[in-house]
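Participant: Below are the sequence and a predicted model; questions follow.
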Amino acid sequence: MKKLSPRLKNIPRRATMNALLLVFILIYPLTTGLYQIDTMAKVIPLMIFALSADLLWGYTGIMSLGQAVPFGIGAYIAAISNNVSAGIPSYMRTYGITEVPAVFRPLTNPYLGTAFAILIPCLLSFMIGRLLLTGKVRGVFVSLITMALSNVLMLAVNNAQRFTGGSNGVNNVSRPSLFGHILSITENYYFVALIAALLFAVCAALTSTKFGKVLGAIRVNENRVAFIGYNVTSYKVFVYVFSSALAAIAGILYARTCGMVSPSLTGLRLSILVIIWIAVGGRGNLTGALFGCLLLNGMERIMAGIIGDAWEFVIGIILLLIVFCVPDGLIGTLLTARPGLKKKEAANG
């Protein structure tokens, strides 16, 4: 009888984990209060954000330290669109602006605002990808350049106070509305969860195709993939733009759920955090990104109330333990674990 490959053997395990996560998300609102529901609704967009980074780092081997750039741009455009659709925002009136600036007028239409919040990060990522991912820049240099881009955007947002609210950010952002009805906390929770589930299904379908196998091959040996005839640059640019679209959608949902945005959403800290989430959960399987994000954000909200800012120190310890003890991440280790192997080896020895 033909043996199944390790990848195929992992499918039932991964499906079980995904099903457990889905059940948890579905029943969570039934077990707690509105505050906790609203808090979890803010975590779910971050799980989409983690998916976007896992496509880059986990599957393609591109460690971007600027993944917060499309996330932050999407969040800011969505927030500004929501504000200018109701008139002149208060932070603009503070600087004597009496009418919506011409550059923001298309955003007065909420649907156009959402479209621009996705398209602009994608266009920017396409231009950056064409310059950065041609094969001349690789490894740590990609990380350094994307880190610089993240810092530049954060400074730009801080300095453009007339249009972005500066360090105070953009406030008074309403939750999403459907057919003129602003969603309640619980309705918004399920709305965000539904979008997350659909995007996860798209990512899972994409990575299970030949395209996903080529991405994995690029991560392992980019030169060999190019040698056998694949256009490596096109694959890398596509996944870079696609992951930016996911990050932008996550930013939109995060802004509309939190009710505000701030420059920290575009900065280096968030880009590093998403790498930590993936490292803890396990990269290159999507499921690990979701669990890592959920686990660390849940722990942060619990422990921050107990030990305050020392939580950052705890993150560092957790990351070191993961790197040295379970380098494949928690979920990655569970997916590849073979409990009967050691017993079999002992019996044969």
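Facilitator: Thanks, I have the structure now.
Participant: Could you use CA atoms for every contact and neighbour count after this?
Facilitator: Fine.
Participant: Can you pull out the low-pLDDT segments for this structure?
Facilitator: Counting by pLDDT under 70, the chain shows low-confidence ranges at 1-11, 135, 305, 338-349.
Participant: Where do the strands of it begin and end?
Facilitator: In order along the chain, the chain carries the following strands (DSSP state E): 177-178, 181-182.
Participant: Quick one: those as a markdown table, columns for mean neighbour count and distance to Asn82 too.
Facilitator: Putting the strands of the chain into a markdown table (neighbours: other Cα atoms under 10 Å; distance: least, Cα to Cα, whole Å) gives the following:
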| stretch | mean neighbour count | distance to Asn82 |
| --- | --- | --- |
| strand 177-178 | 10 | 11 |
| strand 181-182 | 11 | 12 |
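Participant: Identify whichever of those strands lies nearest to Val220.
Facilitator: Taking Cα to Cα as the measure, the strands of the chain were each checked against Val220, and strand 177-178 came out nearest at 44.1 Å.
Participant: Centre of the chain to that closest one, how far?
Facilitator: 23 Å (Cα atoms, centre = their mean, to the nearest Å).
Participant: outside of that strand, which residues touch it?
Facilitator: When contacts are defined by Cα atoms under 8 Å, 6 or more residues apart in numbering, strand 177-178 is touched by residues Leu183.
Participant: now the strands of the chain as JSON lines including distance to Ala15?
Facilitator: Below are the strands of the chain laid out as JSON lines (distance: least, Cα to Cα, whole Å):
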{"stretch": "strand 177-178", "distance to Ala15": "32"}
{"stretch": "strand 181-182", "distance to Ala15": "34"}
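Participant: Pull the number of nearby residues for the nearest residue to Ala279 once chain neighbours are set aside.
Facilitator: Of all residues not flanking Ala279 in the chain, Gly329 sits nearest, at 5.7 Å (Cα to Cα, 6 or more residues apart in numbering). Using other Cα atoms under 10 Å, the number of residues around Gly329 comes to 23.
Participant: Ok, Thr207 next?
Facilitator: 20.
Participant: I'd assumed Ala201 was in contact with it.
Facilitator: No - using Cα atoms under 8 Å as the test, Thr207 is too far from Ala201 to be in contact (10.0 Å).
Participant: overlap in contacts of these two?
Facilitator: The overlap between the contact sets of Thr207 and Ala201 (Cα under 8 Å, 6+ apart) is empty.
Participant: I'd say Lys236 and Arg130 touch.
Facilitator: No - Lys236 is beyond contact range of Arg130, at 9.2 Å (criterion: Cα under 8 Å).
Participant: Between the two, which is the more surrounded one?
Facilitator: For Lys236 versus Arg130, neighbours defined as other Cα under 10 Å are more numerous around Lys236 (23 against 16).
Participant: Need the nearest residue in space to that one, chain neighbours excluded.
Facilitator: Nearest to Lys236 is Leu133, by Cα to Cα, 6+ apart, at 6.6 Å.
Participant: give me every residue that touches the one you found.
Facilitator: If you count contacts by Cα under 8 Å, 6+ apart, then Leu133 has Thr233, Lys236, Val237 around it.
Participant: And those, which is closest to Pro70?
Facilitator: Proximity to Pro70 was ranked across the contacts of Leu133 by Cα to Cα; first place goes to Val237, at 14.5 Å.
Participant: Next up, the contacts around Phe49.
Facilitator: Phe71, Leu246, Ala247, Ala250, Gly251, Val274.
Participant: With distance to Leu268 and neighbour count added, can I get the residues you listed in CSV?
Facilitator: Rendered in CSV, the data for the contacts of Phe49 read as follows (distance: Cα to Cα, whole Å; neighbours: other Cα atoms under 10 Å):
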residue, distance to Leu268, neighbour count
Phe71, 12, 34
Leu246, 18, 29
Ala247, 15, 33
Ala250, 17, 30
Gly251, 15, 33
Val274, 10, 25
